[in-house]
Each structure stands twice: as structure tokens, then as C-alpha cells.
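A.B. asks: how would this look folded up:
(one chain, ligands or ions: 2)
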Amino acid sequence: MQRLSRNEFVCELSADHSPAYQVQVGEVFVVETQDCHGGQVLREGRSLQERDRALSNPATGPILVEGLQPGDAAAVEVLDVKVADRGIVVAGPEWKVVPIENGAAVFAEDVRLPVEPVIGVIGLAPREGAVPTVTPGDHGGNLDTVDIRPGATIVLPVAHEGGLLALGDVHAVQGDGEISGTGLEVEAEAVLRVTRVVEPLSARPYILTATQVATIGSAPEWPEAIRTAVDDMVALVAKRRGVSPAEAKMLVSLAGDLKFSQIVNPWMTARMVMPRVLAKC
Ligand code: CA
Ligand code: CA
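C.D. replies: Ligands and ions are numbered 1, 2, ... in the order given. Coordinates of the predicted model:
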């Protein structure tokens, strides 16, 4: 199995970067990721204030996936994520290093949080320009969405040949909203497989788990992020069920959950979650 080292990374997603790695559609590979501070605090022992912010959210890649063409979507299956033995969580100027033991983050003597890894940054090169890895968008990026974890598949629109995947910013533990600005930030190793989707369920990123489908909306302000996630789900349900938009909206209103993925990045991210059985996907 190919192992893609964390030493090759980008801090913006762009088609202008040459691929650091190449994998095939259907290949299973391992991606090592740095923590969101590039190890400056956890490995090098700098204070949070001393760190170089230009190195925020290093994402391993770009990874050219041979076989992906513009107009396709890429289904990135998260097969496994292993996390390091400690992480860091931040609130304002303060931070805390949290040991990870026996599958739990030891936040305090009486607070052991089960490790449930989330890939915070995962995206392809955007259609145009360069997007910093601190920002989410229709290319993916800093989505900080807790559903992006082992067992899930995130589907991303392909704008350039090979997609140019990059990922990082893994959280050992994170709640919806990520309200302090970080999860439990860790170095990690993710086992992935990318397949080609010719007819995606949505033109923007979406997530499939065993039982649920989630459309994702990212925008500078909440109303647009929410509207995007909701409208994409209504359109998805209307198409899959062969019903009118109004009929689909009624069903999403009754059976779907609107969730705040993160409220802390330069753009906000919301998601609309539906049972797959009702969305017929
Ligand atoms: Ca993040
Ligand atoms: Ca993070």
C-alpha cells in the first residue's frame, strides 16, 4: 500500500500546484497528515503565539488520482483514521495538550472522551484560483464536518484532471460547530480509496454514511450556507424520488436535520442530513 508522507503538503488548494503524489482510481492508500499547526506547538514546543500562522492547516498532497476527469465527482472513502498519542485544543490565546490513551482523549481526570476521528480539511483543487486550507467551499477544504470519519464517503466535484486531492487537519474528537475554533488537533494517518462518480447526487460536496446522506453548504454568511445545504438536499430528494420540489421540501422538513458543521472558519459550513432510505440513494 502506498504511504503518502506528511512532508509534502500545501496550505492552499489550487490547480497551479504540481502533484506531489499519484494514485489510481480504486487504489487503497495511506495519507499521513500533520496537525493543524504543522507540529509547531506539539512537536517543536513553541507557544501558540509564537507559531507561524502561514503554516496553518497543512494538507498532505496534492494527490493526483489517475482516472478522474473534469465534470466527474470523486468519491473519497474514509476506510480508517489512526491518530497520534496526543492532541491540542485551543480557545482564544489559551491551549491545552490532551493525551490520548486506549482510544480516549483524557481531557481531565474525570473526562475521557472517546476518540472519533474527523478529517477537518479534505478537498480537490477549486475550479479557479487558490483557496487557503483554512477556508471551505464547493471544492471541499476546511469543512470541519464531523460526518467525515471512518465509514463515510465524501463526494467532491472534480474541476481538473486527476482532481488534486489534499487533506489534513484531523481531529481526534470534535463536536458540531467546533465552537472554540479547533477540535482536538492531531497528527494522523488516513486510509482512503477514491473512486469515480459519473453521475453525482449533487454538484457540490456531499457525504454518505451507512444510513445518512448530507449535503454541505459553505458560504461567507450563514443564510447562504444554510440555503445551499437545504436547496441541494431538496433537489437531491426531488430527483431521486421523482417528485416535485415542494413535495421533496415537505419530506425534508419532516425527516431531515439541519446541522451547523462549523461556525469558526472564514466561511461558515452547514449541512442538511437525511436518511438514505427516504432519499433513495
Ligand atoms: Ca479546520
Ligand atoms: Ca482543526
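A.B. asks: OK, contacts around the residue of the stretch 1-150 of the chain found nearest ligand 1?
C.D. replies: The stretch 1-150 of the chain approaches ligand 1 most closely through Gly120 (3.6 Å), counting by C-beta to the ion. In this view, the C-beta of every residue, glycine as well, is placed from N, C-alpha and C. Counting by C-beta atoms under 8 Å, 6 or more residues apart in numbering, Gly120 makes contact with Cys36, Asn57, Asn142, Leu143, Asp144, Ile148, Gly168, Asp169, Val170, His171, Gln174, Gly183.
A.B. asks: tell me, how many neighbours does the fourth one end up with?
C.D. replies: So the one you mean is Leu143. For Leu143, the neighbour count with other C-beta atoms under 10 Å is 29.
A.B. asks: cool, and the first one?
C.D. replies: By the other C-beta under 10 Å criterion, the neighbourhood of Cys36 contains 32 residues.
A.B. asks: wait, it sits on Asp169?
C.D. replies: Yes - at 4.8 Å, Cys36 counts as touching Asp169 under the criterion of C-beta atoms under 8 Å.
A.B. asks: overlap in contacts of these two?
C.D. replies: Common neighbours of Cys36 and Asp169 (C-beta under 8 Å, 6+ apart) are Asn57, Gly120, Glu185.
A.B. asks: Was I right to think Arg204 contacts Ile216?
C.D. replies: Yes - between Arg204 and Ile216 there is a contact at 6.6 Å, judged by C-beta under 8 Å.
A.B. asks: In terms of neighbours, single out the busier of those two.
C.D. replies: A direct count of neighbours by other C-beta under 10 Å for Arg204 and Ile216 places Ile216 higher, at 29 against 22.
A.B. asks: separation between the more buried one and Leu258?
C.D. replies: 12 Å (C-beta to C-beta, to the nearest Å).
A.B. asks: Give the residues shared as contacts by those two.
C.D. replies: Common contacts of Ile216 and Leu258 (C-beta under 8 Å, 6+ apart): Ala229, Ala270, Arg271.
A.B. asks: Disregarding residues adjacent in the polypeptide, which is nearest to Thr215?
C.D. replies: In space, Thr215 comes closest to Asp232 once its chain neighbours are excluded; the distance is 3.8 Å by C-beta to C-beta, 6 or more residues apart in numbering.
A.B. asks: if I read this right, the one you found contacts Met272, doesn't it?
C.D. replies: Yes - counting by C-beta under 8 Å, Asp232 does reach Met272; the two are 7.1 Å apart.
A.B. asks: intersection of neighbour lists for these two?
C.D. replies: Joint contacts of Asp232 and Met272 (C-beta under 8 Å, 6+ apart) are Thr215, Gly217.
A.B. asks: before we move on, back to that, any chance of the shared contacts of Cys36 and Asp169 in TSV with distance to Gly26 and pLDDT as columns?
C.D. replies: Formatted as TSV, these follow (distance: C-beta to C-beta, whole Å; pLDDT from 0 to 100):
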residue	distance to Gly26	pLDDT
Asn57	28	97
Gly120	25	98
Glu185	31	98
